[in-house]
Structures are given as structure tokens and as C-alpha cells.
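K.L.:
Predicted coordinates and the sequence they were generated for:
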Amino acid sequence: MERFKATIDQLGNIVAVRLVGELDANTAVAADDALQEAIASTPGNAIVVDCSELQYISSAGLGVILSSLHACNQNKIKIAFCGLQPKIKNVFTILGIEKIILITQSEEEALKLLNNGQDTSEI
């Protein structure tokens, strides 16, 4: 069984990246590659990152998340994270990351917010 998998899907004008498994120093490159590919290939200006099957994130994984947030900001691309497991959401809260990124319960909620053109910095 794979420890980590990242897949990319096109959902209209939004690119969805699905992270599954454990995002750590050994898998950070695969996650970064998927997120950078999503940033480069989005036909619109939005990306949703589905973390519902992400079981663990290390500091290396957090670095990947923050790097992609920076790249999205540089390219005026909105990014939303959905389905965070309680332990991962707690890490985001402790580090204050939830104050700078859009987090939703579900992919559907993220898509609705991103499709309505809401500025993620105001949410």
C-alpha cells in the first residue's frame, strides 16, 4: 500500500488536488509536484485541495502547503483546503495557518465559495 498519493482532477474552471496518506519529508516532493502542476494548469483562478484522506502532515508537509499558498498568491489564484482531519486541523490552528487560508468542511462547500468568486482573504 502506498504511503502517499496526490491526484489532480479538473472540475470546470477549478483544479482539485486530492492528498491521500501521510505528507512528510519522504512524500513532500510528490505533493509539491502535484500542487505546482495544479497551479500551472488551472484554467480559471482557483484550486481546491481535498485533505479528507490526509492522515498526517509533518513540518515538511506544512512547508509544501505554505509554498503553494505563496505561489497561488503570486499568481492571483484562490486556494481552498477542505476535509481536514481533526489532528491536522488542530496543527493548522496552533500554527495560525487557518487565519491565512480558506478551510471548508467539504469539497462542495469549497467549490461553491470559489465559484462565487469570493476573495479568500475576506473569508
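P.N.:
Arrived safely, thanks for sending.

K.L.:
Can you give me the distance of residue 98 to residue 11?
P.N.:
23 Å (CB to CB, to the nearest Å). Quick note: C-beta positions are derived from backbone N, CA and C, even for glycine.

K.L.:
Equivalent analysis for residue 2, please.
P.N.:
From residue 2 to residue 11 the distance is 23 Å (CB to CB).

K.L.:
what about those two, which has more around it?
P.N.:
residue 11 (14 against 9; other CB atoms under 10 Å).

K.L.:
For residue 17, see how far away the more buried one is.
P.N.:
Using CB to CB, residue 11 is found at 11 Å from residue 17.

K.L.:
repeat for residue 62
P.N.:
16 Å.

K.L.:
Which one's more surrounded, these two?
P.N.:
When residue 62 and residue 17 are compared on other CB under 10 Å, the one with more neighbours turns out to be residue 17, at 22 against 17.

K.L.:
Which parts of this protein are helices?
P.N.:
28-41, 59-74, 86-95, 107-115 (DSSP state H).

K.L.:
how near is residue 56 to residue 25?
P.N.:
From residue 56 across to residue 25, the span is 12 Å (CB to CB).

K.L.:
Neighbour count: these two, which is higher?
P.N.:
Neighbours were counted for residue 56 and for residue 25 using other CB under 10 Å; residue 56 has more, 16 against 11.

K.L.:
Give me the mean pLDDT for the longest strand seen in the chain.
P.N.:
Secondary structure assigned by DSSP state E gives strand 46-57 as the longest strand of the chain. Throughout strand 46-57, pLDDT has a mean value of 97.
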